[in-house]
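A.B. asks: fold the stuff below for me.
(4 chains)
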2 protein chains.
Amino acid sequence: MKNVFGRYLRDRREGLRASDASFSVRRVAQRIGVEPSFLSKVERGEVAPPSEEKIVALAADLKEDPDVLLALAGKVSSDLLNVIRRRPELFGALIRELKDMPDRAVLRLVREVRDGDW
Amino acid sequence: MKNVFGRYLRDRREGLRASDASFSVRRVAQRIGVEPSFLSKVERGEVAPPSEEKIVALAADLKEDPDVLLALAGKVSSDLLNVIRRRPELFGALIRELKDMPDRAVLRLVREVRDGDW
DNA sequence: CAGATCGTGTACTAAGTAGTACATAGTATA
DNA sequence: TATACTATGTACTACTTAGTACACGATCTG
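C.D. replies: Model (predicted):
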């Protein structure tokens, strides 16, 4: 359970780097707007994951799903939080109801809602 | 948009106090485990809302819905966050899909899932 | 009218968050 | 072999969070 976020980040970055030298710690750090030493420490788990803003930038740079990266960092996207905060009883009830449902059941729900056939 | 949480808290506490003297700032503060001066400042918006733990204790003491109180404080219950963090893509997609749905639609979904007739 | 209870003002703090700035040592390259 | 880029170590900091401790004057109560 220790430094999943950092390991994942490093693996992904090194993976991309194999075919594109611009995925060095320095270059990625510069693109997302932090010091290289800080990104290095993040990847090695020497410090806590960065802010949501930097994680989202990281996800974009590494072509990863921001929600997944945020989750690995122990966070939840602030726009999802806003949705819940606006109607806390409603979304609280829904999420708790779906807590232990299998993926396929939740997915079916997503599709039903999206397709509007319900 | 300024100090909704504190106002709500004070109104509710004073309301209960009308028929039960044990709902003074001091007594409530003691029951939830904070200093009276701190609760006073929270109610008057002089300081930020307290931690999730204290808010939940407050909700129990004042017979309020914890999710609602947390939302007024700009927070989301950590057990809901855990559900989302466990399956970020799934729940991210679902919540964004339901973001602008009317209450009754979301409610219907909650009931469908609960009743299992789907 | 004395003692208890009340709300609030002032002052302080320990721990966590989110980084920057700079130096150093290794590695690749031209 | 010079130089350029690489990762990382060390040291520091500004801001936020989540409160405590205590004193004060007002008010209620027996």
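A.B. asks: contacts and neighbour counts: CA atoms only from here.
C.D. replies: Will do.
A.B. asks: how about the residue most central in space within chain A, secondary structure?
C.D. replies: Centroid-nearest residue in chain A, with C-alpha atoms, centre = their mean: A:Leu69, separated by 2.2 Å. Secondary structure assignment for A:Leu69 (DSSP: H, G, I helix; E, B strand; the rest coil): helix.
A.B. asks: thought it was touching A:Ile55?
C.D. replies: Yes. Using C-alpha atoms under 8 Å, A:Leu69 makes contact with A:Ile55 at a distance of 6.9 Å.
A.B. asks: re the thing from before, for the residue nearest to the centre of chain A, which residues are in contact?
C.D. replies: Going by C-alpha atoms under 8 Å, 6 or more residues apart in numbering or on different chains, A:Leu69 touches A:Phe5, A:Ile55, A:Val56, A:Ala59.
A.B. asks: how about the residues of chain A near DNA strand D?
C.D. replies: With C-alpha under 7 Å from any atom of the strand as the criterion, chain A meets DNA strand D at residues A:Ala21, A:Ser22, A:Ser24, A:Val25, A:Arg26, A:Arg27, A:Pro36, A:Ser37, A:Ser40, A:Lys41, A:Glu43, A:Arg44.
A.B. asks: which residues sit in contact with the fourth one?
C.D. replies: When contacts are counted by C-alpha under 8 Å, 6+ apart, A:Val25 touches A:Pro36, A:Leu39, A:Ser40.
A.B. asks: for whichever strand or helix holds A:Leu94, buried residues please.
C.D. replies: In this assignment (DSSP states H and E), A:Leu94 forms part of helix A:88-98. Within helix A:88-98, the residues that count as buried by 16 or more other C-alpha atoms under 10 Å in any protein chain shown are A:Pro88, A:Glu89, A:Leu90, A:Phe91, A:Gly92, A:Ala93, A:Leu94, A:Ile95, A:Leu98.
A.B. asks: quick check: angle from that helix to helix B:88-98?
C.D. replies: Put simply, helix A:88-98 runs at 140 degrees to helix B:88-98, going by axes from the mean of the first three to the mean of the last three C-alpha atoms, to 10 degrees.
A.B. asks: who's in contact with helix A:88-98?
C.D. replies: Residues from elsewhere that reach helix A:88-98, judged by C-alpha under 8 Å, 6+ apart: A:84, A:106, B:67-68, B:71, B:80, B:83, B:103, B:106-107, B:109-110, B:113-114.
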